[in-house]
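Asks: What follows is a predicted structure for the sequence shown.
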Amino acid sequence: QVMVTNVTSLLKTVKAVEDEATRGTRALEATIEYIKQELTVFQSSEVPEKTSSPEESIRMTKGITMATAKAVAAGNSCRQEDVIATANLSRKAVADMLTACKQASYHPDVSEEVRERALRFGTECTLGYLELLEHVLLV
């Protein structure tokens, strides 16, 4: 009876350690899926309800820069806390960037050519960032 109790306790401890070790991975996987969904919405032909200035889109690059630095650091450290923080920051930074990019591209002063380029670059930036997150996931 004591041996069964000890084995059960050991299994529970292993499970708890395993769960702790995979929290960052699960958070990053969820973030990657969320960003892919945001990208699908971004690429839809739906016109945003409001527009913003192109300058607002440029301001959003700061969040992407910070999130990229955090993702690289998390990939180097491999610490679960860093990976979780990266997942949270990435989700917000990319979603904000896509929203600002789409709203700015539909600003009345923006030509069709510039709109198409802005939307293409927003997509390319997001795809590049997804590649970075997937690399962090593999580390």
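Replies: Ah, there it is.

Asks: need the next SSE after the helix or strand harbouring Arg26, C-terminal direction.
Replies: Arg26 belongs to helix 2-43 when assigned by DSSP states H and E. As assigned by DSSP H and E, the chain's next helix or strand after helix 2-43 is helix 54-59.

Asks: elements contacting that next one?
Replies: Contacts defined by 3 or more C-beta pairs under 8 Å, 6 or more residues apart in numbering; DSSP states H and E place helix 54-59 against helix 80-105. The C-beta positions use only the backbone N, C-alpha and C, and glycine is treated the same way.

Asks: Just want the angle from the helix or strand following the helix it packs on to helix 80-105.
Replies: Sequence-wise, the next helix or strand downstream of helix 80-105 (DSSP H and E) is helix 112-138. Angle between the axes of helix 112-138 and helix 80-105 is 170 degrees (criterion: axes from the mean of the first three to the mean of the last three C-alpha atoms, to 10 degrees).

Asks: got any ranges where this protein has weak pLDDT?
Replies: 1, 10, 13-21 (pLDDT under 70).

Asks: try it again with 80
Replies: 1-22, 139 (pLDDT under 80).

Asks: give me the number of residues near Asn6?
Replies: A count of nearby residues for Asn6, using other C-beta atoms under 10 Å, gives 10.

Asks: quick one: contacts for it?
Replies: With contacts defined as C-beta atoms under 8 Å, 6 or more residues apart in numbering, Asn6 has no neighbours.

Asks: Report the separation between Ala69 and Leu28.
Replies: 16 Å (C-beta to C-beta, to the nearest Å).

Asks: more neighbours, these two?
Replies: Remark: of Ala69 and Leu28, Leu28 carries more neighbours, 22 against 12, as counted by other C-beta under 10 Å.

Asks: I'd like to know how many residues surround the nearest residue to that one once chain neighbours are set aside.
Replies: For Leu28, ignoring the flanking residues on the chain, the nearest one in space by C-beta to C-beta, 6 or more residues apart in numbering is Ala87 at 4.8 Å. Neighbour count for Ala87, taken as other C-beta under 10 Å: 27.
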